[in-house]
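>>> Fold the following, please.
(one chain, ligands or ions: 1)
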Amino acid sequence: MNSLILVVEDEKGIRNFISTVLTSNDYNIIQASTGHEALSMVTSYVPDLIILDLGLTDMDGLDVLKSIRTWSNIPIVVVSARTFERDKVFALDLGADDYITKPFGTQELLARIRTAIRHSKKDFVKNNFMKEFKMGNLRIDYEKRIVYLNDREIHFTKIEYKILMLLSQNAGKVLTYDFLIKEIWGPYTNENQTLRVNMANIRRKIEENPGEPKYILTEVGVGYRMVEEVTN
Ligand code: CA
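Purely as a prediction, here's the structure:
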């Protein structure tokens, strides 16, 4: 059965554009132009994914997100204007699965949707057990806690390994600086600088050219994203 996607966007042109793209890619679409309409549609249709514009006329998109997250884990991809970088971070920390910046292309939109839906289905696998991560020349053995690059064992510190583990288990998704810091050092620290230093070390170990990373991308002002596929 095709996935059902709720498109929440007040601008008719953008709403239609998104809907056309998704319909021609075999998704079923329902639309909402306000936050209140969106909330009632989520309850009555329980879609498989929500595309949520943050700039709505009747309420703040972040409040729509917050309200949905009090009772549902439906994947949510947030759409925001480039000028509101902080909103992206807020949205991710409030439980959005991903974000996309206006203006965006068709391929980017479809990739974000595929990733978010896949992750929501993969949750049970993750919770049960994931033994190994493999991508390009990189392999992580989660049981033995060993990382291999081109079949050669690479040494990582405990913290570097933990960062790599979090990013690889969420490949395709951006993890915010705050999220990573809290996962690793707990809620009462501000280890921004330390995180950056660790990331530089990780990249030196796994990236051919750390200045142009292939495996772990920086989402400026937001966080890091491990790619789902590498082109060698
Ligand atoms: Ca808008």
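>>> which residues in the chain form helices?
Under the criterion DSSP state H, helices of the chain are mapped to 12-23, 35-45, 61-69, 85-93, 106-128, 158-169, 177-185, 192-206.
>>> quick one: which of these is nearest Gly223?
Gly223 lies closest, by CB to CB, to one member of those: helix 177-185, at 5.1 Å. Glycine gets a C-beta too; all of them are placed from N, C-alpha and C.
>>> Output that closest one in PDB, but only the C-alpha positions, please.
Output in PDB follows, covering the C-alpha atoms of helix 177-185 (Å, rounded to 0.1, in the frame of the first residue of the first chain):
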ATOM      1  CA  TYR A 177      25.100  19.300  18.300                       C
ATOM      2  CA  ASP A 178      22.900  19.500  21.400                       C
ATOM      3  CA  PHE A 179      21.600  16.000  20.900                       C
ATOM      4  CA  LEU A 180      25.100  14.500  20.500                       C
ATOM      5  CA  ILE A 181      26.500  16.400  23.400                       C
ATOM      6  CA  LYS A 182      23.700  15.300  25.700                       C
ATOM      7  CA  GLU A 183      24.000  11.700  24.600                       C
ATOM      8  CA  ILE A 184      27.700  11.600  25.300                       C
ATOM      9  CA  TRP A 185      28.400  14.000  28.100                       C
END
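>>> Nearest to the ion: which residue in this structure?
Nearest residue of the chain to the ion, counting by CB to the ion: Gly55, 3.7 Å away.
>>> what about that residue, distance to Leu62?
10 Å (CB to CB, to the nearest Å).
>>> Quick check: the residue at the greatest distance from the centre of the chain vs Ser168, distance?
Here the chain reaches farthest from its C-alpha mean at Arg152, the gap being 29.6 Å by CA atoms, centre = their mean. Plainly put, Arg152 is 18 Å away from Ser168 if you go by CB to CB.
>>> Excluding residues flanking it in the chain, which one is nearest Arg225?
Closest residue to Arg225 apart from its sequence neighbours, by CB to CB, 6 or more residues apart in numbering: Val174 at 4.2 Å.
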